[in-house]
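A.B. asks: 3D, please:
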Amino acid sequence: MNLKDIVIRLEAAEIQRILAIEMDSDREQALEFIRENLLKKVKKALESH
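C.D. replies: All right, here's what the predicted structure looks like:
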């Protein structure tokens with residue numbers, strides 16, 4: 001897989017979840033969010049170009 005710069009669009013609910021994770025310092029939720037949301041978006045962005 002070739003790496004490159006990408007732009008990821010986050011919906012308001014995803015931003016809210018990120019901010020809640022940060023406020024709670026919840027490492028498990030942070031990892032879950034990365035795996036369930038960000039990783040999928042990154043992979044999709046890298047595949048589409």
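A.B. asks: For the spatially most central residue of the chain, what are phi and psi?
C.D. replies: Taking Cα atoms, centre = their mean, the centroid of the chain lies closest to Leu38, which sits 2.3 Å from it. Per-residue torsions, Leu38: phi -60, psi -40 (degrees, to the nearest 10).
A.B. asks: Find the residue closest to it in space, skipping its chain neighbours.
C.D. replies: Ile8 (7.1 Å; Cβ to Cβ, 6 or more residues apart in numbering). Quick note: C-beta positions are derived from backbone N, CA and C, even for glycine.
A.B. asks: Now the one you found: which helix or strand?
C.D. replies: When elements are assigned from DSSP states H and E, Ile8 belongs to no helix and no strand.
A.B. asks: same check, this time on Ile15
C.D. replies: Applying DSSP H and E, one finds Ile15 within helix 12-24.
A.B. asks: Can you name the element that comes right after that helix?
C.D. replies: helix 27-33.
A.B. asks: Pull out the buried residues from the helix or strand following that following helix.
C.D. replies: Sequence-wise, the next helix or strand downstream of helix 27-33 (DSSP H and E) is helix 39-47. Neighbour-count burial for helix 39-47, counted by 16 or more other Cβ atoms under 10 Å, picks out no residue.
A.B. asks: Touching helix 39-47 from outside, list them.
C.D. replies: For helix 39-47, contacts defined as Cβ atoms under 8 Å, 6 or more residues apart in numbering pick out 1-4, 6-9.
A.B. asks: hmm, back to that, now do the same for the residue nearest to the centre of the chain: its pLDDT.
C.D. replies: With respect to pLDDT, Leu38 scores 94.
A.B. asks: Likewise for the one 4 residues further on?
C.D. replies: Val42 is assigned a pLDDT of 94 by the prediction.
A.B. asks: how about low-confidence regions in this structure?
C.D. replies: Within the chain, the ranges that satisfy pLDDT under 70 run 49.
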